[in-house]
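In: Just the structure for this:
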Amino acid sequence: MSEKNREGKRTARQKLAAEREKQKSKDKRRRALIVGASVVCVLGLAAVIGVVAANAGKDDGSEAAGPIVAPSGAQGKDSLAIPVGEESAKSTLVIWEDFRCPACKAFELAYRDTIHELTEAGQLKVEYHLATIIDGNMGGTGSRKSANAAACAQDAGKFTPYHDVLFTNQPAETDDAYADEGKLIDLAGKVDGLDTAAFQECVKNGTHNSWVEKSNEAFRTGGFSGTPTVLLDGKNIYQDRSMTPAKLKQLVQDANK
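Out: You can find the predicted model right below:
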């Protein structure tokens with residue numbers, strides 16, 4: 001083979017090697033861009049998840065600032081319980097509820113008549129605690145505003161009937177209809193004597209918003225798994241799959257013998 005041919009082949013090999021190195025560099029840069037973009041996406045997703053996680057179960061406190069004003073007659077630690085029934089009743093039912101919570105509505109519709117019967121008979125005292133976890137999980141302010149409205153109804157001595165009206169007319173979980181103060185006032189018209197200027201002012205001003213937020217904080221730090229949480233003399237009966245309104249009635253009546 002002539003020197004000229006050898007030189008030509010050597011030059012061709014060098015060109016081929018150079019092209020390979022050039023292609024490797026392009027591939028390396030492309031992989032770096034892909035990895036970099038992926039990292040940005042992951043970090044962005046992590047940031048979103050972090051924000052969601054940080055706010056899960058929390059109420060939007062933008063309107064909750066201000067002095068804590070407990071509703072009339074509230075009892076218990078930090079005056080966070082709204083009592084219904086005779087103080088002398090031998091059984092106490094503690095209920096944590098959210099007016100946007102579908103499971104709370106199901107519980108109320110199933111047990112409401114029995115609870116009313118037992119409280120009116122002086123055999124059961126109920127302590128209602130209000131939470132706003134759906135606002136935190138689904139977004140919105142309907143849990144807080146409806147809880148404030150219920151506290152306003154307590155001020156007027158109309159908590160129980162208005163509480164029942166709110167659950168009977170509960171919107172879909174994803175529908176933040178109770179964020180509309182006008183709707184909450186309209187529903188007050190279903191309770192005799194509740195739709196007054198004082199009630200309307202209490203609802204519109206969010207008089208009990210900070211109290212509601214404090215109640216929700218007590219729920220979040222109380223070790224409860226969700227709403228409703230229903231405790232009969234300290235025992236969680238909502239987790240008892242054998243529980244029925246008839247069984248609840250029998251337990252309360254037995255305690256009052």
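In: which residue ranges form the strands in the stretch 151-257 of the chain?
Out: Shown for the stretch 151-257 of the chain, the strands assigned by DSSP state E, counting those that start in this stretch span residues 229-232, 235-236.
In: Now do the phi/psi pair for the nearest residue to residue 102 once chain neighbours are set aside.
Out: Distance criterion C-beta to C-beta, 6 or more residues apart in numbering; nearest residue to residue 102, sequence neighbours excluded, is residue 173 at 5.3 Å. Placement of C-beta: from N, CA and C, glycine included. The phi/psi pair for residue 173 (degrees, to the nearest 10) reads phi -60, psi -40.
In: and the strands of the stretch 151-257 of the chain, which is most packed in?
Out: strand 229-232 (a mean of 20; mean count of other C-beta atoms under 10 Å).
In: looking only at pLDDT, what's the mean for that one?
Out: Averaged over strand 229-232, pLDDT sits at 97.
In: List of residues touching that strand?
Out: 91-96, 107, 219, 236-238, 248, 251-252 (C-beta atoms under 8 Å, 6 or more residues apart in numbering).
In: again with stretch 198-205
Out: The contact list for stretch 198-205 (C-beta under 8 Å, 6+ apart) reads 145, 148-149, 151-153, 155-156, 181, 184-185, 188, 207-208.
In: Let's have the residues you listed in TSV, adding pLDDT.
Out: Below are the contacts of stretch 198-205 laid out as TSV (pLDDT from 0 to 100):
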residue	pLDDT
145	98
148	98
149	98
151	98
152	98
153	98
155	98
156	98
181	98
184	98
185	98
188	98
207	98
208	98
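In: List just the nearest of the residues you listed to residue 121.
Out: For the contacts of stretch 198-205, the closest approach to residue 121 (C-beta to C-beta) belongs to residue 153, at 23.1 Å.
In: The closest one and residue 233, how far apart?
Out: 27 Å (C-beta to C-beta, to the nearest Å).
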